[in-house]
Every structure is written in C-alpha cells, then in structure tokens.
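**Q** Whatever this is, show me its structure:
(chains A, B and C)
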Amino acid sequence: MDYRVQGNDIIVFEPDLDLDETLDCGQAFRWKKIPSDYECTYEGAFLNDKLTVSQLSKGSFIFHNTDENAFISRWISYFDFETDYSELKRAFSEDETLSKACSFAGGIRLLRQDSWECLISFIISQNNNIPRIKGIIDRLCDNYHGRFPDHEQLSRETADTLSYLRSGFRAKYLADAAAKVADGSADLAKIAEMPIENARNELKKIKGVGPKVAECVLLFGMYRTEAFPVDVWIKRVLAEYYPGGFPGYLSDKAGIAQQYLFHYIRSISKDKE
DNA sequence: CGCCAGGACGCCC
DNA sequence: GGGCGTCATGGC
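**A** Okay, here's the model as predicted:
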C-alpha cells in the first residue's frame, strides 16, 4: 500500500483492494454505497470514526476528508493494509478452487472490525439474509443518532424495547449479549487473546451464539484468521470441492480463504438463476 | 402460496 | 452425541 496526502484527502494505492468486493461481501453490514462520479463510493464507520471512501480506478482510492494521523491510526489497520494479500493469494492459488475464487474477486480483504459490533451483527445474522441484516442494523444505529450503540447503552434494553428493530426471535439474544458484555461476564478483549477453543467456548455462553456466530466474531471482530465460519454456502463449497476436507496447510489463514470462497460460490449460484 | 436466509435452542431418543 | 421442529421477518 502506498498513499499521499492531497488537500483534505488521502489518495491510496493498493492493487489488492476492491471496495465493492470488500465492503459488500457479507463481512460488514454498515457500509452504504452512495451515488458519486467515481467508480463507487461508500459511507461507513469504524467505532466513532466515520469515513467516505471512493474507488477511482482499479487499485486507487480516495479517503475523503481524512487527515494523515487518522489514516495511520485508524484506517491502515481497519483495511488490513499492513498485510500483503498478493503473497496470501499466491499461497491460496496452489489450491485449484481457491485459485479460481481469487482470480474471480481478488480485491477482497479481511476488515479488522470491532468485536462488540461484530458480536451483535452476527447474532442478528442467524437464519437471516444480508439485506434484512443491514436493515435491522440500520434501525439500531438510527436509534442512536447514526452510531452503533455501545454495550452500556444496549444493556439498558430488553427484548420488548428492541421490538422496533423487527429482529424477531433474535431480540432476546441481543439483550443477553449486551448484559453479559456490560457486566463483564463476557470480556471480549480477553476472549480475543485466548486459545481459539477456549475463545469459542466463552463466546458460546452468550445466548444466540452457536458455532457459526462464534466463528464469525473470531474472524471478523478479532482477526483470528484461523477461524472458519461454515454457513449454508460454505457447506456447499466443502461438499462440492473439498470432500476430503479443507487443506491443512491453509489452516492458519483459513478464514481469509473462506472469504474468497464465500463470494465465489454465491456469485456462481446467482449466475445460474 | 411456499421457500429461503452468513443458525441456535430445546427436546427427544 | 446426533436428529428434528421451532423460532420472526421479509424478499423472491
């Protein structure tokens, strides 16, 4: 990644990033595509820092109204710019299916998101579809002036007072997650550092957090790249392309590989329709 | 109308 | 431990 300051903006050069592929691939739900004269433009946030970012062309971007300090302290980490995805994809390409997935959408990166926001978001995601997940999270943030509520704020709610979300049976799970994080019985910072099996078990003590959601929180919210969420789409990939199991030599980065596969199989299925 | 969605829970055996 | 019905909501 290379960048330069241009007025109030930062111009970024990174061949291994595509905004559509990274911000709209089901790992984060709060980025919104807005009309612009650029290839594409997204508005979103990490914690309390909002961002408008545009793709100018393949591999070049503009971080609007972003000063260099904020870019360095916040967005380099969030977009995982310190990781060399070309090198990652070279390793992935030793596998035939993964090689196809990487050439299909090579601009996917694993975002380093906030663990609390991921916990809530992926509890909402269970047995749900992506457009509706986004809608529920929109209504949640609208209720807090456009910001994602912290655990203190959400712990004051109950399943009843959360009915405006129209999140269905998941509302009681959200209330339990907020209560456990707020009272310290679920310490997300501590869980993030645990051996992965212990971390899974701790997360699953929260109601509504099973194997899949725990894995998503570990991968997307704690940058545990060995976490490997298996949803209905990845089940199809495993059954069709990896009947003998997922390659072991990829295990420490399996979660990142999973992102390419998830996007790939969903796109193929759409084409068939 | 029925089927599905980045599943988990409760109950059964 | 595995199998199965149920759980809200909305898009298709």
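**Q** Might you report the residue contacts of residue A:267?
**A** A:104, A:105 (C-beta atoms under 8 Å, 6 or more residues apart in numbering). Yep, even glycine has a C-beta here, placed from its N, CA and C like the rest.
**Q** how would you label residue A:198: helix, strand or coil?
**A** At residue A:198 the chain is in helix, as set by DSSP: H, G, I helix; E, B strand; the rest coil.
**Q** Look at it and say how many residues are nearby.
**A** 12 (other C-beta atoms under 10 Å).
**Q** likewise the one 3 residues further on?
**A** In terms of burial, residue A:201 registers 13 neighbours under the definition other C-beta under 10 Å.
**Q** separation between it and residue A:221?
**A** Distance of residue A:201 to residue A:221, computed by C-beta to C-beta, to the nearest Å: 17 Å.
**Q** Kindly report the same for residue A:230.
**A** Counting by C-beta to C-beta, the gap from residue A:230 to residue A:221 is 17 Å.
**Q** The one residue in chain A that gets nearest to DNA strand B - how many residues pack around it?
**A** Nearest residue of chain A to DNA strand B, counting by C-beta to the nearest atom of the strand: residue A:210, 2.3 Å away. Counted with other C-beta under 10 Å, the neighbours of residue A:210 add up to 13.
**Q** average model confidence for stretch A:185-193?
**A** For stretch A:185-193, mean pLDDT rounds to 98.
**Q** just stretch A:9-24 next, same as before
**A** The model assigns stretch A:9-24 a mean pLDDT of 97.
**Q** what's the first-to-last distance across that stretch?
**A** 23 Å (C-alpha to C-alpha, to the nearest Å).
**Q** What of stretch A:3-15?
**A** 12 Å.
**Q** Buried by neighbour count: which residues of that stretch qualify?
**A** A:3, A:9, A:10, A:12, A:14 (16 or more other C-beta atoms under 10 Å).
**Q** Show me the beta-bridge partners of the fourth one.
**A** Think residue A:12. Going by DSSP bridges, residue A:12 is paired in beta bridges with residue A:3, residue A:61.
**Q** Let me see the contact set for it.
**A** Residue A:12 neighbours (C-beta under 8 Å, 6+ apart): A:1, A:2, A:3, A:60, A:61, A:62, A:63, A:81.
**Q** now do the last one
**A** Applying C-beta under 8 Å, 6+ apart, one finds that residue A:14 lies in contact with A:1, A:2, A:59, A:61, A:79, A:81.
**Q** doesn't residue A:1 make contact with the last one?
**A** Yes - taking C-beta atoms under 8 Å as the definition, residue A:81 is a contact partner of residue A:1 at 4.1 Å.
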